[in-house]
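Enquirer: Next comes the sequence, and after it the predicted model I'd like to discuss.
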Amino acid sequence: MLKSEFELLTELTGRIIPKTDTPGAVEAGVAAIIDSTLRGNVAKTKRFKETLAWFAANGTNPEARLLLLERISKEKGTRGAGHFALLKGETIDVYYSTQEGLKQELGWNANTFVSEFKGCTHPEHQS
Amino acid sequence: MAYVQNSATVHDVIVVGSGAAGGMAAWNLTRQGVNVLLLDAGSKFNRGGFWSHVKPWQTRERLARGQHPPQFHLDRREQPYETDAKDPFDLIRVWGRGGKTNIWGRVSLRYSDVDFEGPAKDGWEIPWPIRYKDIAPYYDRVDHLIGVCGGDDDQDSLPGSKFHLPPPSPRCGERLLQKAGRDIGVSIVAGRRAVLTKEHNGRAPCHYCGACGKGCDIGAFFNSSDYLLEPAFMSKRLEIIDNAVAARVSVDDNGLANGVQYFDRFTRAERRVYAKRVIVAASCVDSTRILLNSKSSAYPNGIGNTSGVIGSYLTEQVRFHMYGFVPELVGTKALNDDGIGGEHIYLPRFNHRQNKKHDYLRGYGAQFWNTGAQPGPGFWAKTMPGFGEDLKKSIKDRFPALVAIHPYGEVLPRKENRVTVEGTQKDRYGIPVARIEYKVGENEKKMLVDMYDTAESVLKAAKAEILPFERGWIDKYGSAIHEHGTCRMGADPKRSAVNGFGQMHDVKNCFVVDGSIFTTASEKNPTLTILALAWRATDYMAEQIRKGDI
C-alpha cells in the first residue's frame, strides 16, 4: 500500500470508529492490520485500492470525505455504498479483535481461568 | 510393480479410525482381552501446543511471526472429495488421534423412542431395529465414563440420565430465553454437554475459558484420545499405526473380511495388515468411501453391499441461525460469558406434542450458542447503521445483549442423497475419492416454516431486537457435521447393510460402528449415540468372539 493510501485508510478507519473515552481505530492500529492482511491477497488488495482511489477522487480533503461518508452511509445499492460497506466491515472486524476494541471498548474480559462459573446472578432474571 | 509391505501378524481385530466410534471400539474390546490394531489417518495432537488461551489479538501476532496452532481440519487439497458446484456439501474431517472429538461441540443428547419409533410410525423408509430400552444401559455407561453435565428436566423427546454432572448456570441471555420460552409454552431445558463441571473419574474439571473449539488443554471435555485410547494403551492390547490412510477392506475366499489395505500418509507406501475381524469407524463419509472401494468377486459393489444401500440415504440436519438483542441487557456491563463454551440450554423437540397436524414428518430442536458477550462481534456489528460515535455506542450497548437461536431439523433419508465412488477422481494414493450428492427436500422446506416461526416466537417473546433474517435460508450442507445413514442398520438385509449391532448382514466378521449406521438422523447431535452404539456393538462382538462365532 502506498503511503498516501495508508494515510487515507487511517483517516477513514478513524472516522468509522473514532476515539472517544476509549481508543478508536487509529489508536488500535487498524489501518496497519488491514494493510498486513492485504499482503499476498491480490483480489482483496485490488478491492481496497479501488475503494481508496474512489474516496480520494470523490473527497479531496478530510472535510469533504466526512460529508461523503455521511452521504454514502445512507445509500443502498450505489458504488459508494459498496465502498462504504467494505471499509466499514473491515474496520469493524479488525477493531473489535484488537485489545483496544474488544477489551478496552467492549469490556470483554474472558478466555481466562475461573474456578466457578456463576452465570447470571441478577435477581430480576431468576424468575 | 510397487513393493507392498504385508504384515505377517494376524490381529484379533483391526479398527479403522480413532474418533468416538473407533476409540470406543478399541477401548471396549481391549478391556475384554481382545488385541486390537487401530489405523489412524493422522497422529496425536500436541495438547501443549493448543492455542486455548491465546487472545484474538495475540493470535494475529503469532500468525504474523509464522506460528500456527495444530491443524485439526483436514485440508481438502490433501484428500479431495467431489460435490455439486451449485449445492456444495462441506465435509469437515479431522485426521489424527481422536478425530473430530478434539473439536466437537460436546452436545450430548440421548435419542428417545420419539426418534427410534419415528420411521415405523410414519412409514418413511425403514424402521430402526432397536429401541430406547436397548441402548439406554449404554447411554448410562457412556455418561458415567465420559462425564456429561445436564439437568434432570428430561422430556419424552429427551431422556435424562442419573449420571449427569451438575449443569453450568445459565448466562443472563439464556435465562431470559428460558423465560421467553415458558411464556409461549416452549420448554427450554438445561443443555446436555460432555464437559466436566466437577472432577470426574480423576479428571480435572472445566476452568471455563470458553475456547473449546481450539482443543482443551486439560482434557476437560470428552475426546477419544485421552478418554478411550490412552486407557486402552494401558491394557497393552492396543497397537496404533499413525498416518495410515485406509483404502479398502480385503476379503478371503469365503467372503469374510481378513484385513485392510492402507497407505502411509506421507510416504504413500502401500501396506496391508490382517485380522480375524474388521471394524470400520472412519466417520460416515470416509467409512462409506472405504466400503464402496472394497470391491471383490464376492462383493462387486463394495464389501457388504449386496443390498446396494451402502452409500445411499445420506442424511444430516438442516439448520439456520437467528440473532437478536434482549432489552434488559442492552447498555449493561459485559460479563465473562464463556462458561463451558457454547450454550448451557437446549430446546428439545416438542412439535409431536402440539395439538395440530403438521404437513411434514419428524421434528426439530434448537441450540443457543453465541448467546452473551462473545468475541467476534463483527458479523452483527457491521449491520448496525451509520458510522462514528453513534455506531461505536450502538455496538458497545448491544455487545452484552446478544441472544442466538439455532434450530436443527431432521432431514429424511432419501436414496438419491448419496456417497459414491464410481468414476470419481483418484486421490494421491490412486484410490477413488468420494462424491457427495445431497439436497434437502420438500419435507424439510415445510418443516423450516415451523422452525422459523418457533425461533422468531421465542425471540419476540424475549422482546428481542431481532437482526434481519431471510426466512427459508439454511446453512450450508454439511455445516452441522452430522453425516449419517450411508451404511444404515435394519432388520431387513435387503434394505439395510448392518444389523442393530453394526454387524454386516453379508459379512459377519465386519462391523461398522460410526454415524453411517444410523437409520435416521433425528434432530440431535449424534456423538453420544455413536458412543453408545459402538459400545453395544463391541460388547456383542466380544461375545461372538468368545463363542467362536466370528
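Expert: Everything's here; your move.
Enquirer: Tell me the secondary structure at B:Gly472.
Expert: State at B:Gly472, reduced to three classes by DSSP: H, G, I helix; E, B strand; the rest coil: coil.
Enquirer: and A:Lys62, how many residues sit next to it?
Expert: Quick fix: residue A:62 reads Pro, not Lys. By the measure other CB atoms under 10 Å in any protein chain shown, the count of residues near A:Pro62 is 13. For glycine as for every other residue, the C-beta is placed from the backbone atoms N, C-alpha and C.
Enquirer: how near is the residue in chain B that chain A sits nearest to to A:Glu116?
Expert: Of chain B, the residue with the smallest distance to chain A, taken as CB to the nearest CB, is B:Ser169 at 2.8 Å. As judged by CB to CB, to the nearest Å, B:Ser169 and A:Glu116 stand 9 Å apart.
Enquirer: Which one of the two is surrounded by more residues?
Expert: More neighbours surround B:Ser169 than the other of B:Ser169 and A:Glu116, with 17 against 11 (other CB under 10 Å).
Enquirer: so where's chain A shaky on pLDDT?
Expert: Residue ranges of chain A with pLDDT under 70: A:127.
Enquirer: could you pull out the helices for chain A?
Expert: A:3-16, A:30-38, A:42-58, A:62-72, A:79-95 (DSSP state H).
Enquirer: so can I have CSV of those showing distance to chain B?
Expert: Listed next are the helices of chain A as CSV, based on distance: least, CB to the nearest CB, whole Å:
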stretch, distance to chain B
helix A:3-16, 5
helix A:30-38, 7
helix A:42-58, 13
helix A:62-72, 6
helix A:79-95, 4
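Enquirer: Tell me, how many residues neighbour the residue in chain A positioned nearest to chain B?
Expert: Distances between chain A and chain B by CB to the nearest CB are smallest at A:Gly119, namely 2.8 Å. Neighbourhood size, A:Gly119 [other CB under 10 Å]: 20.
Enquirer: ok, it - contacts?
Expert: Contact partners of A:Gly119, counting by CB atoms under 8 Å, 6 or more residues apart in numbering or on different chains, are B:168-172, B:174-175, B:339, B:344.
Enquirer: Please apply the same query to B:His53.
Expert: Counting by CB under 8 Å, 6+ apart, B:His53 has contacts A:111-112, B:209, B:211, B:217.
Enquirer: So it versus A:Ala110, what's the distance?
Expert: For B:His53 relative to A:Ala110 (CB to CB), the value is 11 Å.
Enquirer: shared neighbours, those two?
Expert: B:Cys209.
Enquirer: does B:Val318 have beta-bridge partners, and which?
Expert: B:Gly409 (DSSP bridges).
Enquirer: re earlier: in strands only, show me the contacts of A:Gly119.
Expert: Under the assignment DSSP state E, the contacts of A:Gly119 contribute nothing to strands.
Enquirer: Tell me which stretches of the stretch 301-450 of chain B form helices.
Expert: Along the stretch 301-450 of chain B, the stretches classed as helices by DSSP state H, counting those that start in this stretch are B:378-381, B:389-398, B:442-461.
Enquirer: what helices or strands is the first one leaning on?
Expert: Going back to what we said before, that points to helix B:378-381. If you count contacts as 3 or more CB pairs under 8 Å, 6 or more residues apart in numbering or on different chains; DSSP states H and E, helix B:378-381 packs onto helix A:79-95, helix B:389-398.
Enquirer: Over to the last one?
Expert: Based on contacts counted as 3+ CB pairs under 8 Å, 6+ apart, the elements that helix B:442-461 packs against are helix B:172-183, strand B:317-319, strand B:322-325, strand B:364-367, strand B:402-410, strand B:465-466.
Enquirer: what number of residues lie near B:Lys524?
Expert: Neighbours of B:Lys524 (other CB under 10 Å): 26.
Enquirer: Surely it and B:Val114 touch.
Expert: No: B:Lys524 lies out of contact with B:Val114 (CB atoms under 8 Å); the separation is 10.3 Å.
Enquirer: dump the residue contacts of the most centrally placed residue in chain A.
Expert: Nearest to the geometric centre of chain A sits A:Thr91, at 1.7 Å (CA atoms, centre = their mean). For A:Thr91, the residues meeting the contact criterion (CB under 8 Å, 6+ apart) are A:12-13, A:16-17, A:25, A:30, A:34.
Enquirer: and the gap between it and B:Arg414?
Expert: Counting by CB to CB, the gap from A:Thr91 to B:Arg414 is 45 Å.
Enquirer: again with B:Gln374
Expert: For B:Gln374, the distance to B:Arg414 - CB to CB - is 36 Å.
Enquirer: just B:Ala373 next, same as before
Expert: Taken as CB to CB, the span from B:Ala373 to B:Arg414 is 41 Å.
Enquirer: So for the two, which residue has more residues nearby?
Expert: Applying other CB under 10 Å to B:Ala373 and B:Arg414 shows that B:Ala373 carries more neighbours, namely 27 against 19.
Enquirer: now the contacts of A:Thr91 as CSV including neighbour count?
Expert: Putting the contacts of A:Thr91 into CSV (neighbours: other CB atoms under 10 Å in any protein chain shown) gives the following:
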residue, neighbour count
A:Leu12, 27
A:Thr13, 27
A:Ile16, 24
A:Ile17, 31
A:Ala25, 29
A:Val30, 30
A:Ile34, 22
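Enquirer: among these, which two are most distant?
Expert: Within the contacts of A:Thr91, A:Ile17 and A:Ile34 form the most distant pair, 12.4 Å apart (CB to CB).
Enquirer: What about residue 84, how many residues nearby?
Expert: I'll assume chain A. 24.
Enquirer: I was thinking of chain B, sorry if that wasn't clear
Expert: 13.
Enquirer: now B:Met234
Expert: 10.
Enquirer: any idea how far it lies from B:Gly98?
Expert: To B:Gly98, B:Met234 is 17 Å away according to CB to CB.
Enquirer: for chain A, what are the nearby residues on the stretch 1-150 of chain B?
Expert: Where the stretch 1-150 of chain B comes near chain A, counting by CB under 8 Å from any CB of the partner chain, the residues are B:53, B:55-57, B:60, B:64.
Enquirer: Are any of these buried, and if so which?
Expert: Taking 16 or more other CB atoms under 10 Å in any protein chain shown as the criterion, what is buried in the residues of the stretch 1-150 of chain B next to chain A is B:55-57, B:60.
Enquirer: what's the farthest-apart pair in those?
Expert: Counting by CB to CB, the most remote pair of these is B:Lys55 and B:Arg60, 9.5 Å apart.
Enquirer: wait, what's in contact with residue 5?
Expert: Chain wasn't specified; assuming chain A. A:49, A:52.
Enquirer: Chain B is the one I meant
Expert: Contacts of B:Gln5 by CB under 8 Å, 6+ apart are B:269-272.
Enquirer: just to revisit the earlier point, for the helices of the stretch 301-450 of chain B, please prepare JSON lines with the additional fields mean pLDDT.
Expert: What follows is those, written out as JSON lines (pLDDT from 0 to 100):
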{"stretch": "helix B:378-381", "mean pLDDT": "97"}
{"stretch": "helix B:389-398", "mean pLDDT": "98"}
{"stretch": "helix B:442-461", "mean pLDDT": "98"}
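Enquirer: Out of those, which is closest to B:Gly160?
Expert: Nearest of the helices of the stretch 301-450 of chain B (CB to CB): helix B:442-461, 22.6 Å.
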